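Structure, please.
(one chain, ligands or ions: 2)
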Amino acid sequence: MGKKRKHNKKQRQEASDEVNINSEELGPEEQGIVISRFGQQVDIADQNFETIRCFLRRAKEVPVVGDKATFQRQEKLDTGVLVRFEERTSLLKRPTPHHGIKPVAANIDLVALLLAPELGFSEMLLDRYLVAAESSNIPVWLVFNKWDLLNDEERADIQQRLKTYQDIGYPIYYISAKHGDQVDELVKDLRGKQLLLAGQSGVGKSTLIKYLFPELEVATADISETSGLGTHTTTASRLYKLDDETYLVDSPGVREFGLWHLEDHDIQQGFVEIYKLAENCKFRDCKHIKEPGCAVLAAAKNGEIAESRMKNYHHLIQNYDQQFS
Ligand SMILES: Nc1nc2c(ncn2[C@@H]2O[C@H](COP(=O)(O)OP(=O)(O)OP(=O)(O)O)[C@@H](O)[C@H]2O)c(=O)[nH]1
Ligand SMILES: [Zn+2]
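Numbering: from 1, shown residues only. Ligands and ions are numbered 1, 2, ... in the order given. So this is what the prediction gives:
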């Protein structure tokens, strides 16, 4: 009985999809980029970066912000239909509370991780973010914001601490999003990337977006008003265009991805300078805790690995061992 009802519901759903998607009324195929998703609908920006709300043709297709999409317009309805999306160069996924994994942003080729002084800049949190980004195989740039709040002595201290990361190979920028200091330099280097803005609450992500897109509030209001479809909540991911080849994704779902659960192998590979040395360890499954013939421990002893990085690596790997094995 219950089964039958479900079936009928499915048929009704299919019938209503037919109403929305009448192939005779569809325009030619066009290329665009997914800028936001709301359940079974997506906002796609066309070649002029004008937004069109599109329906998904099949429920199994799950486009996310950043996907390159082919769509067709339904002129009469002022909407469109997503036809397909291209193969992705990267896919950032988020764990869900019940051990599931949810895709959140596609084709991200750089994470710009914002840091700020007054939240108590912490190497531990930074290392967690780096491990999470490395596990998705996405390069990270460190962007230290609110530089205007620091005096010379404080600046020297932060620069000294971040030098460890520069030496490992992470590019570092010092900016003030509020006043626009050094932001243009950062943006120049970002050209050609599809980047994700990440960082703890309060580091200044919205302030940076507002500086880069002064018209933002107008644009956002336009979309929800003219479409009249679905809800445009502040929790939706969003893609902004900096220029024809540079896009910025702000996704509240992944802003704080440094706080997610980390797997053992993520931790081992996520400390890139440690991982590089690990191939010289005597045991292939060496965790560099106290194993004999450990090349990492030997390098740490010689000062080739920064003390704080080694300490944080040990802290993470041992805590997770205790918790999950
Ligand atoms: N002095 C100074 N303050 C800044 C700067 N950037 C941001 N702030 C301030 O820091 C506070 C938090 O900034 P937001 O942009 O809201 O931070 P956020 O990262 O978007 O925070 P969430 O939305 O919670 O994720 C605000 O009061 C900003 O005015 C800066 O460069 N210098
Ligand atoms: Zn080892």
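
Please make it C-alpha for all contacts and neighbour counts, starting now.
Will do.

residue boundaries of the helices in the stretch 201-325 of the chain?
Along the stretch 201-325 of the chain, counting by DSSP state H, counting those that start in this stretch, helices occupy 205-212, 216-227, 264-270, 272-278, 295-301, 307-324.

So for ligand 1, which of those sits nearest?
Evaluated over the helices of the stretch 201-325 of the chain, closeness to ligand 1 peaks at helix 205-212, with 3.6 Å, by C-alpha to the nearest ligand atom.

picking that back up, go through the helices of the stretch 201-325 of the chain and find the least confident stretch.
Mean pLDDT is lowest for helix 216-227 among the helices of the stretch 201-325 of the chain, at a mean of 38.

before we move on, the earlier item: any chance of the helices of the stretch 201-325 of the chain in a markdown table with mean neighbour count as columns?
What follows is these, written out as a markdown table (neighbours: other C-alpha atoms under 10 Å):
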| stretch | mean neighbour count |
| --- | --- |
| helix 205-212 | 17 |
| helix 216-227 | 12 |
| helix 264-270 | 19 |
| helix 272-278 | 17 |
| helix 295-301 | 18 |
| helix 307-324 | 15 |
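
I'd like those laid out as CSV, including distance to ligand 2.
Formatted as CSV, the helices of the stretch 201-325 of the chain follow (distance: least, C-alpha to the ion, whole Å):
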stretch, distance to ligand 2
helix 205-212, 38
helix 216-227, 50
helix 264-270, 10
helix 272-278, 5
helix 295-301, 5
helix 307-324, 12
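
Quick one, which of those helices gets closest to Ala45.
Comparison of the helices of the stretch 201-325 of the chain against Ala45 by C-alpha to C-alpha identifies helix 216-227 as nearest, at 11.3 Å.

And the protein, split by domain according to the record?
Residue ranges for each domain of the chain read 2-85, 91-258, 262-324, as given by automatic domain parsing.

Any chance of JSON lines for those domains, columns distance to ligand 1?
Below are the domains of the chain laid out as JSON lines (distance: least, C-alpha to the nearest ligand atom, whole Å):
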{"stretch": "domain 2-85", "distance to ligand 1": "18"}
{"stretch": "domain 91-258", "distance to ligand 1": "3"}
{"stretch": "domain 262-324", "distance to ligand 1": "21"}
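
need the strands for the chain, in chain order.
In the chain, the strands defined using DSSP state E lie at 26-38, 41-45, 51-56, 68-74, 79-85, 91-95, 101-106, 110-115, 140-144, 172-174, 194-198, 238-243, 246-250.

For the domains of the chain, which has the smallest mean pLDDT value?
Among the domains of the chain, domain 2-85 carries the lowest mean pLDDT, a mean of 77.

Would you check how far apart whatever residue of the stretch 1-150 of the chain ends up closest to ligand 2 and Ile108 are?
In the stretch 1-150 of the chain, the residue that lies nearest ligand 2 is Val131 (17.8 Å; C-alpha to the ion). To Ile108, Val131 is 16 Å away according to C-alpha to C-alpha, to the nearest Å.

Contacts for stretch 238-258, please.
Stretch 238-258 has contacts (C-alpha atoms under 8 Å, 6 or more residues apart in numbering) with 34-36, 49, 65-66, 94, 104-105, 125-126, 128-132, 190-201, 212, 235-237.

If we use 6 Å, what do you get?
Contacts to stretch 238-258, defined as C-alpha atoms under 6 Å, 6 or more residues apart in numbering, come from residues 35-36, 128-129, 132, 191-200, 235, 237.

which of the residues you listed are buried?
35-36, 128-129, 132, 193-200, 237 (16 or more other C-alpha atoms under 10 Å).

Beta-bridge partners for Val81, please?
Beta bridges link Val81 to Phe55, Gln72 when assigned by DSSP bridges.

How about Ser36?
Taking DSSP bridges as the rule, Ser36 bridges to Asp43.

isn't it right next to Gly66, touching?
No. Applying C-alpha atoms under 6 Å as the test, Ser36 and Gly66 come out as separate, 8.3 Å apart.

and the residue lying closest to Arg191 once chain neighbours are set aside, bridged to which residues?
Of all residues not flanking Arg191 in the chain, Thr246 sits nearest, at 5.4 Å (C-alpha to C-alpha, 6 or more residues apart in numbering). For Thr246, the beta-bridge partners are Asp243 (DSSP bridges).

Give me the neighbour count for Thr246.
Per other C-alpha atoms under 10 Å, the neighbour tally for Thr246 reads 15.

Gly100 now?
By other C-alpha under 10 Å, 9 other residues sit near Gly100.

How about the contacts made by it?
By C-alpha under 6 Å, 6+ apart, no residues touch Gly100.

redo that, cut-off 10 Å
Going by C-alpha atoms under 10 Å, 6 or more residues apart in numbering, Gly100 touches Lys93, Arg94.

try the one 5 residues further on
By C-alpha under 10 Å, 6+ apart, the residues touching Ala105 are 34-36, 63-67, 88, 90-94, 196, 237-239, 249-251, 253-254.
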